[in-house]
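Enquirer: For reference, the sequence and a predicted model appear below.
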Amino acid sequence: MIEVRGITKKFGSLVAVDNVSLTVGPGEVYGFIGPNGAGKSTTMKVLACLLKPDSGSAFVDGMDVTVEGDSIRRILGYMPDVLGVYDDLTVEEYLHFFAAAFKIPSKSRKGTIEGVLELTDLSEKKKAMVDSLSRGMKQRLGVARVLVHDPKVLLLDEPASGLDPRARIEMRELLTELARMGKSLIVSSHILSELGQMSTSIGIIERGKLLYSGSIEDAYAKMGVGDRVKIRLESPGESLSQVRNSLVEDKRISRAEVEGETLEVEFAPGQKSHHFLIEMLIAKGVYIASFTPETPRLEDAFMTLTKGQVQ
Ligand SMILES: Nc1ncnc2c1ncn2[C@@H]1O[C@H](COP(=O)(O)OP(=O)(O)OP(=O)(O)O)[C@@H](O)[C@H]1O
Ligand SMILES: [Mg+2]
């Protein structure tokens, strides 16, 4: 649905996007991560047909962003990082305005708007003034706005920024639901744990260069981030540090650390079976109170790849 082939975008002498390539298929959520000024918004603006790349090409549903902008806009929803201000409109009027702009036939407008209000959980606010909405509600309205023409492709530039924890979870659920409906999404964010939970693939960009693009599992494997487990122990048979020392000798384990009664173990990348560890601990006469697998954290992959460089 989205294909970017080696695009470069310069602003004067600054190379904001440097030879970036990526693909996003139907039903995929592509998490776009990178420090401030990395080039995320610029890449998304090229895809939204708002900026022309200096070189390279980009396609949305097979259409070239530099030539077929009008057709692309019909199937694309772009939510910029800053929303416009529309002081004197109610939520409903605001959405009617965009539905009219997208030439949704007036007969079906009401139904369409009710549908997106429901999906974004804003039905109760339809008579409220846009200005009176809380920040999180405004963000949701931003998503509602890009959904009125039922686009197949969504580009959402930091949709969760400024949201409280509950609103973030709701936003994540909404985006996951949109992917389930078969839409393709590119979602940029600084909140790594959140992207890790909803993305099917990720792109890590720094100083205009894409350092990684691909599936999230491959990212963890490639960056040497293994599965982790937290084990709480009851009356260990041997001293915990001895147990730890024997664990780190095993090739299947890349790290083991003791913190109080807790043993934290990181498996070697790609090591999917964890059962052997339980057997090893029992053989050592250790009583296991709890054994909690933890999914790898996107933060770790991110820190491995980026060096905190900003332009
Ligand atoms: N219109 C513009 N004119 C000049 N420079 C620009 C323009 N837009 C972006 N830039 C520069 O291009 C670089 C990339 O900016 P971009 O907005 O794409 O970063 P970003 O990854 O979205 O960052 P953030 O996380 O802060 O939103 C930055 O150095 C920025 O200053
Ligand atoms: Mg940005």
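Expert: Okay, I see it. Ligands and ions are numbered 1, 2, ... in the order given.
Enquirer: which residues touch the residue of the chain found nearest ligand 2?
Expert: Using Cβ to the ion, the single residue of the chain nearest to ligand 2 is Ser41, 3.2 Å away. Just so you know, the C-beta spots here come from the backbone N, C-alpha and C atoms, and that holds for glycine as well. Neighbouring residues of Ser41 by Cβ atoms under 8 Å, 6 or more residues apart in numbering: Pro80, Asp81, Asp157, Ser188.
Enquirer: Now do the strands in the protein.
Expert: 2-11, 14-24, 29-33, 55-60, 63-64, 76-79, 153-157, 184-189, 201-206, 209-215, 228-234, 253-259, 262-267, 287-294 (DSSP state E).
Enquirer: Check pLDDT for the contacts of Ser41 and point me to the minimum.
Expert: For the contacts of Ser41, the model is least confident at Asp81; its pLDDT is 82.
Enquirer: what's next to stretch 265-279, contact-wise?
Expert: 220-221, 224-229, 231, 247, 251-257, 288, 291, 293.
Enquirer: Enumerate the residues of the chain near ligand 1.
Expert: 11, 14, 16, 34, 36-42, 81, 311 (Cβ under 6 Å from any ligand atom).
Enquirer: related to what we said a few turns ago, can you tell me which of the contacts of Ser41 lies nearest to Met303?
Expert: Ser188 (18.2 Å; Cβ to Cβ).
Enquirer: can you count the residues close to the closest one?
Expert: Using other Cβ atoms under 10 Å, the number of residues around Ser188 comes to 25.
Enquirer: Is Ser60 in contact with Val153, as I believe?
Expert: No, residue 60 isn't Ser; it's Val. Yes: at 5.6 Å, Val60 counts as touching Val153 under the criterion of Cβ atoms under 8 Å.
Enquirer: Common neighbours of those two, please.
Expert: Common neighbours of Val60 and Val153 (Cβ under 8 Å, 6+ apart) are Met1, Ile2, Ile75, Leu76.
Enquirer: Narrow the residues you listed to those that are buried.
Expert: With burial judged by 16 or more other Cβ atoms under 10 Å, the buried subset of these is Met1, Ile2, Ile75, Leu76.
Enquirer: Just put the residues you listed in JSON lines and tack on pLDDT.
Expert: JSON lines is the format used below for those (pLDDT from 0 to 100):
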{"residue": "Met1", "pLDDT": "94"}
{"residue": "Ile2", "pLDDT": "96"}
{"residue": "Ile75", "pLDDT": "94"}
{"residue": "Leu76", "pLDDT": "96"}
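Enquirer: What is the nearest of these to Ser106?
Expert: Looking across those and measuring by Cβ to Cβ, the closest to Ser106 is Ile75, at 21.1 Å.
Enquirer: roughly how far apart are that closest one and Ser161?
Expert: 25 Å (Cβ to Cβ, to the nearest Å).
Enquirer: And for Phe97?
Expert: Counting by Cβ to Cβ - Phe97 and Ser161 are separated by 24 Å.
Enquirer: circling back: closest to Glu206 out of the contacts of Ser41?
Expert: Among the contacts of Ser41, and counting by Cβ to Cβ, the member closest to Glu206 is Ser188, at 13.4 Å.
Enquirer: if I read this right, that closest one contacts Phe32, doesn't it?
Expert: Yes: using Cβ under 8 Å, Ser188 is in contact with Phe32, at 4.1 Å.
Enquirer: any residues in contact with both of those two?
Expert: Applying Cβ under 8 Å, 6+ apart, one finds that Ser188 and Phe32 are jointly contacted by Lys40, Met44.
Enquirer: can you map out the helices along the chain?
Expert: 40-47, 69-75, 91-101, 106-119, 135-147, 165-180, 192-198, 216-222, 240-248, 275-283, 298-305 (DSSP state H).
Enquirer: can those helices go into TSV with extra columns for distance to Arg207?
Expert: Shown next, in TSV, are the helices of the chain (distance: least, Cβ to Cβ, whole Å):
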stretch	distance to Arg207
helix 40-47	12
helix 69-75	28
helix 91-101	35
helix 106-119	37
helix 135-147	28
helix 165-180	27
helix 192-198	18
helix 216-222	19
helix 240-248	36
helix 275-283	40
helix 298-305	12
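Enquirer: That's all I had, so thanks and see you.
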